[in-house]
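Novice: A predicted structure for the sequence below; I have some questions about it.
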Amino acid sequence: MAESEDGAALLMGQAKWDEEADASRLAADLQRKAERLSWPGARTLIVLLEVHAETPRGRAAANDSTPMA
C-alpha cells in the first residue's frame, strides 16, 4: 500500500511467486479486498497484481503484471 505525494492516489499491490498461481482468481480476490476498504475523500485507487514463476535458473521476470482500475 502506498500513497502518492499529493494524496490523490493510492496503490494497492500484491506479488505471488507461484508457478501454478491462478492470476484471474488472485486478481479478483485483490479487487474485492480493495473494494472493502474505506478511503477518506475521493482518491484514485490503483490495484496491481504481479505473478511470477520459477524457472530452472531461479525466479523469472513477471509472467503476468495486471494493473486493475
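Specialist: Perfect, thanks for sending it.

Novice: which stretches of the protein aren't confidently modelled?
Specialist: 38, 40, 42, 54-69 (pLDDT under 70).

Novice: and if we set it to 90?
Specialist: By pLDDT under 90, the low-scoring segments of the chain are 1-4, 7-12, 15-23, 27, 30-69.

Novice: Which stretches in it count as strands?
Specialist: Here the chain has its strands, by DSSP state E, at 2-3, 9-17, 44-55, 58-68.

Novice: and the third one, what does it pack onto?
Specialist: Using 3 or more C-beta pairs under 8 Å, 6 or more residues apart in numbering; DSSP states H and E as the contact definition, the elements that strand 44-55 packs against are strand 9-17, helix 23-36, strand 58-68. From N, CA and C alone the C-beta is placed, and that goes for glycine too.

Novice: partners of the first one in the sheet?
Specialist: According to DSSP bridges, strand 9-17 forms sheet pairs with strand 2-3 (antiparallel), strand 44-55 (parallel).
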